[in-house]
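*Asks:* okay, here's the prediction I keep looking at, along with the sequence it came from:
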Amino acid sequence: MDKKLIVRGVTRMEFKKFITYLIPWFILLGIGLYAMYLVFRYGLNHTNMDNRFAFGLWIYFDLAIIALGAGAFFTGLLLYVFKRHEFKSVINSAVVIGFICYSGAIAALVVDVGQPLRAWFTLYRPNAHSMLAEVTFCLSLYLTVLAVEYVPIVMKNRKLKQLPSFLVFEFKLHKVMPLLAGVGALLSFFHQGSLGGMFGVLNGQPFAFRETVLVFPSTFFLFVLSAIAAGPSFILLTTWLVSKISGKRLVTKDVLMSLGKISGILLIIYVFFKSIDSLVWLNKTSPAVGFSAADHYGFAPFGIWILSLEIILLGLVPGLILINKKLRARTSWLLTGAVLACAGVALNRFVTTIQTLSLPTLPFADFLTYTPTWEETAIFLMVIAYGVILYSFSFRYLPLFPQERELHTK
Amino acid sequence: MNNRNKVTQDNQKHPRYGMVVDLDKCTGCGACSLACAVENNQQPATPDMTNRTGNTWMRMYKVHNGKPFPDSRAVFVPMFCQQCDDTPCLYVCPQNAVELDPMTGIVAQIPERCFGCRYCMAACPYESRYFNWWDPVWPEGMEKTLNPDVSPRMRGVVEKCNFCHGRWQRARAKAASEGRRELREDEYIPACVECCPTEALTFGNLDDPKSKIAKLVDDPNTFKILGRLGTKPKVYYRTTRSWVRNAVDRNIYSETKETVHG
């Protein structure tokens, strides 16, 4: 039965071996589900968050994976709207990764809020001024878009394809793909931005507060830019990683190089605007409310090095590596650039969430630190395990990389 | 003066309640914290709670001048919801669980609407919002001491000082029964103000120029903590000592340590 489900023309490892490889991930999933039970049953006192550190590992993780999952909407936009056909070979994988990132983020959010059963109220009677309401709307709608985009990939399964009605449905879905890609891009633009805006609007937190540009705080645009800069790099990295683990050629190298190039160009643009934003914030926005750079960077371990690291080593450097054609052509440099780009966006989300809360705003409050509990870590790992398992099954039974068959026969 | 700007837009004159904390009078006894907890049915602390996860709407900070003995000095700073007119927590709440009441100027938290995302807590510069990390449990017999005018909050929602809203409603009901729309100045005061032994807390209508609080607010020794953030708090602090002013007003940053009582 298993063999009949595997994509025609490609080979996959033995079923037993496949399950054995997944066992550790299932164990992680199980531990995470137990931790989830504890939090739902006994409350958020099973975390190390507190009245000042109201956000912790989960919110950081949500912001980071949503940024990295931006590759899904951005690749879709490039393929269906800008007609960059070379990305057809990674779009299916990108959609699955996007789906995993977004559904994983929502799963973490459900555990994170105190009364998840009341979350419908945001959709029913939202506060139009709240960035979080915008995030909730766009996230839930975009997850629906991703699910609809996932359906035709599932229907391409060798067995499911044999059902005529599925084939017709899949064909019809394909016709609306450009529209879905457009809607997905619009929704993503808003929620990536709103996640940045969530912190940029906090006029009570001078470390996070930013100047307003066209109604939104500057972090709105910076989050969109950094997400679409790192997204293609993440697709590049996952494709390479899957190729290494499975021992198969999945896409031609020029596709990976194109992804790297787009990432590089966008990173350079991002670094330019991020630098301007940081200068304006440190010299105008923050001093205007009585906070100097020393107030933000005077607490160990969060010195000014963290800003330099984010902008230079994890922004400018990968940007320069990835826009250089010669460097990009070498796999090691291409991968280095992509890893640094993804690390850069992850660090940016860390600074935005964790550093903001650890710095004191009241003149007589302390600098605080926070370490997640095992339950928080287990749920974080559970989401990763869920992603690995879902991706592994998708890779085994669905045509995630259309070029694979061609490259395999070669 | 001092941003005593009005929030109400209609023509009817409503009070705009505020408070002045005299730091020179406060001894840090914590009676205000206790009165607040009793009045507002705050869940009793359990051994698992820390000063970062416990629930006290009125939090006492001890601020030192950072000098060695004999020049060592300390001041107690009661910190609670500053009832901002430009309310950072209100704008961010996705569920409309925070409201600025135009009738009183009081920032209300509606726990029944709150789903515990804690975004408002991240938005509050005064760290004056508290999350119910635990299910509230009253030891046997102690539930008889609960105030019937205030709903206890469930686990997983945010709460904060609301200038004893239950007392305001009781005072209004009493006034209405006597055929009055307006409240007298002494008719509605929060529990912390009522029980402060040194009268360090003054509560009243900021828009009434004849009120005691309005006169105190116009005093040059009265200031707002983090006033430059532009959140327009309605809670003011007062001191004649320059080091205290510098330590809590963010003019000069001095080395301080925080300890929590209550």
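*Replies:* Perfect, I can see it now. Numbers count the residues shown, from 1 in each chain, chains lettered A, B, ... in the order given.

*Asks:* with just CA atoms, put stretch B:186-204 into PDB.
*Replies:* Provided in PDB are the C-alpha atoms of stretch B:186-204 (Å, rounded to 0.1, in the frame of the first residue of the first chain):
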ATOM      1  CA  ASP B 186     -16.300  62.700  50.000                       C
ATOM      2  CA  GLU B 187     -18.900  60.300  48.700                       C
ATOM      3  CA  TYR B 188     -16.600  58.200  46.500                       C
ATOM      4  CA  ILE B 189     -13.100  57.400  47.500                       C
ATOM      5  CA  PRO B 190     -11.000  54.300  46.800                       C
ATOM      6  CA  ALA B 191     -10.200  51.900  49.600                       C
ATOM      7  CA  CYS B 192      -6.400  52.800  49.500                       C
ATOM      8  CA  VAL B 193      -7.100  56.500  50.000                       C
ATOM      9  CA  GLU B 194      -9.600  55.800  52.900                       C
ATOM     10  CA  CYS B 195      -7.100  53.600  54.800                       C
ATOM     11  CA  CYS B 196      -3.800  55.500  54.300                       C
ATOM     12  CA  PRO B 197      -2.800  56.400  57.900                       C
ATOM     13  CA  THR B 198      -0.600  59.300  56.800                       C
ATOM     14  CA  GLU B 199      -3.000  60.700  54.300                       C
ATOM     15  CA  ALA B 200      -0.400  60.400  51.600                       C
ATOM     16  CA  LEU B 201      -3.100  59.700  49.000                       C
ATOM     17  CA  THR B 202      -5.500  62.300  47.800                       C
ATOM     18  CA  PHE B 203      -8.300  61.400  45.500                       C
ATOM     19  CA  GLY B 204     -10.800  63.600  43.700                       C
END
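
*Asks:* what's next to it, contact-wise?
*Replies:* By Cβ atoms under 8 Å, 6 or more residues apart in numbering or on different chains, the surrounding residues in contact with stretch B:186-204 are B:17-23, B:25-27, B:29, B:31-36, B:38-40, B:58, B:78, B:80, B:163-164, B:167-168, B:171-172, B:174-175, B:185, B:211-214, B:216. Backbone N, C-alpha and C define where each C-beta goes, glycine included.

*Asks:* buried set for that stretch?
*Replies:* Going by neighbour count (16 or more other Cβ atoms under 10 Å in any protein chain shown), the buried part of stretch B:186-204 is B:188-193, B:195-196, B:200-204.

*Asks:* next one: stretch A:267-282
*Replies:* Under the neighbour-count criterion of 16+ other Cβ under 10 Å, stretch A:267-282 has A:267-268, A:270-271, A:274, A:277-278, A:281-282 buried.

*Asks:* for stretch A:158-175, same thing?
*Replies:* A:158, A:166, A:170, A:173.

*Asks:* picking up where we left off before, show me which of the buried residues of stretch A:267-282 is closest to chain B.
*Replies:* Nearest to chain B among those, counting by Cβ to the nearest Cβ, is A:Trp281 at 14.7 Å.

*Asks:* so what's the closest one closest to, chain neighbours aside?
*Replies:* Leaving aside its sequence neighbours, A:Trp281 sits nearest to A:Arg210 (Cβ to Cβ, 6 or more residues apart in numbering or on different chains; 5.9 Å).

*Asks:* contacting residues around the one you found?
*Replies:* By Cβ under 8 Å, 6+ apart, A:Arg210 lies in contact with A:200, A:217-219, A:277, A:281, A:285.

*Asks:* out of the residues you listed, which are inside strands?
*Replies:* A:Pro217 (DSSP state E).

*Asks:* can you tell me which of the contacts of A:Arg210 is nearest A:Leu146?
*Replies:* Among these, A:Thr219 lies closest to A:Leu146 (Cβ to Cβ), at 24.2 Å.
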